[in-house]
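**Q** one predicted model, sequence on top.
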Amino acid sequence: MTSSPATEDPITPPPEQRRALVVMKDVSKVFSSGTVALTDMSLTVNGGEFVSLLGPSGCGKSTALRIIAGLGDTTTGTIDWPSSRINSKGLPDGDISFVFQEPTLMPWATVFGNVYLPLKLRGISKSAARADILAALDRVGLKDFADAYPRELSGGMKMRVSIARALVTKPKLLLMDEPFAALDEITRQKLNDDVLKLWKETGITVIFVTHSVFESAYLSSRIVVMKARPGRVHADFPLQTSLDRDGFYRTSEEYRQACETVSKTLIEAIGGEHH
Ligand SMILES: Nc1ncnc2c1ncn2[C@@H]1O[C@H](COP(=O)(O)OP(=O)(O)OP(=O)(O)O)[C@@H](O)[C@H]1O
């Protein structure tokens with residue numbers, strides 16, 4: 001039997017997970033409009049980390065995430081994948097999934113059909129994909145909704161389908177761009193808990209873009225605070241806790257302190273723009 005990547009202490013993953021997964025080196029991005037979205041951004045994300053990119057609007061969070069996903073080129077600088085097999089597009093074969101703020105489901109297809117899409121695009125038959133689709137739906141608590149259509153689902157459920165669709169290919173790295181920003185607070189907290197559970201159970205690496213101090217402090221093993229004009233890294237620090245991150249943690253002194261630390265760093269980053 002192969003050993004599970006899951007660990008009781010998600011903050012300290014087993015040694016094989018601590019290897020560098022993606023290395024951004026001196027990445028700059030200048031759009032044709034002349035906007036310098038990123039300048040000299042270097043970031044190494046290791047296997048098993050939950051890294052939040054936090055910062056004010058326009059600091060280049062989404063641009064950085066899209067570049068990592070291969071959805072945009074760098075102007076200068078490099079992205080390397082030391083632990084992955086690289087395909088002809090310079091991307092790690094099948095190792096990345098992306099979850100956007102909008103769930104972007106196909107309205108004419110069932111939940112099952114939507115989650116099947118990435119496997120269908122790989123030429124896998126529905127019957128061969130079935131077990132993986134149901135396992136991905138089970139992970140997000142939607143196994144009983146396989147035959148439902150998106151219009152029958154709440155916003156939170158649609159987002160879960162989007163997450164299941166991202167997981168069905170069993171990626172090493174999950175990139176999430178403000179996935180819960182459009183959801184109400186209770187749904188958002190519930191999905192935060194679900195993503196944490198998923199992270200602990202699967203050992204997946206997550207890079208998560210958010211505007212929210214509270215969300216980043218709750219979820220992350222490491223926070224990268226960015227600043228704008230031009231977009232760059234302002235601070236990069238681990239966020240450890242001896243507590244399980246759950247409802248109790250939300251009301252704990254440790255969480256309050258984590259929020260304060262993150263908030264102060266963000267204010268510094270925003271204030272720094274004006275000097
Ligand atoms: N395709 C594009 N063409 C031109 N400029 C762009 C493009 N995409 C982003 N930008 C600009 O690059 C800068 C960084 O944008 P980006 O969306 O990465 O920031 P962000 O931190 O994710 O912002 P937000 O939190 O508001 O989504 C902004 O000034 C934005 O207007």
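**A** Perfect, thanks for sending it.
**Q** drop to CA atoms for contacts and neighbour counts, all remaining ones
**A** Fine.
**Q** contacting residues for Met159?
**A** 102-103, 179-180 (C-alpha atoms under 8 Å, 6 or more residues apart in numbering).
**Q** show me those that map onto strands.
**A** If you go by DSSP state E, the contacts of Met159 have nothing in strands.
**Q** now distance to Val168, neighbour count and pLDDT too, for those residues, in CSV please.
**A** Shown next, in CSV, are those (distance: C-alpha to C-alpha, whole Å; neighbours: other C-alpha atoms under 10 Å; pLDDT from 0 to 100):
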residue, distance to Val168, neighbour count, pLDDT
Glu102, 18, 16, 89
Pro103, 15, 20, 88
Pro179, 17, 23, 92
Phe180, 20, 23, 91
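**Q** what's the most distant pair in these?
**A** Greatest spatial distance among these (C-alpha to C-alpha): Pro103 and Phe180, at 9.8 Å.
**Q** next, the buried residues of the helix or strand bottoming out on mean pLDDT in the chain.
**A** Least confident helix or strand, the chain: helix 247-250 with a mean of 85, by mean pLDDT, DSSP states H and E. For helix 247-250, a neighbour-count test (16 or more other C-alpha atoms under 10 Å) marks 249-250 as buried.
**Q** can I get it in CSV, CA atoms only?
**A** What follows is helix 247-250 as a C-alpha-only set of coordinates in CSV (Å, rounded to 0.1, in the frame of the first residue of the first chain):
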residue,chain,number,x,y,z
GLY,A,247,-14.9,27.0,14.5
PHE,A,248,-13.1,27.0,17.8
TYR,A,249,-10.0,28.5,16.2
ARG,A,250,-12.1,31.3,14.7
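**Q** any idea how far it is from the chain center?
**A** Mean-position distance between helix 247-250 and its chain equals 21 Å (C-alpha atoms, centre = their mean, to the nearest Å).
**Q** got a list of contacts for that helix?
**A** Outside helix 247-250, the residues touching it (C-alpha under 8 Å, 6+ apart) are 218, 243, 255-256.
**Q** quick one: which of the contacts of Met159 is nearest Ala146?
**A** Distances from Ala146 to these, taken by C-alpha to C-alpha, are shortest for Pro103, at 16.1 Å.
**Q** what are the ranges of the helices in the chain?
**A** Remark: helices assigned in the chain by DSSP state H are 61-68, 111-121, 126-139, 155-167, 185-202, 213-219, 247-250, 253-271.
**Q** that's all I had, so thanks and see you.
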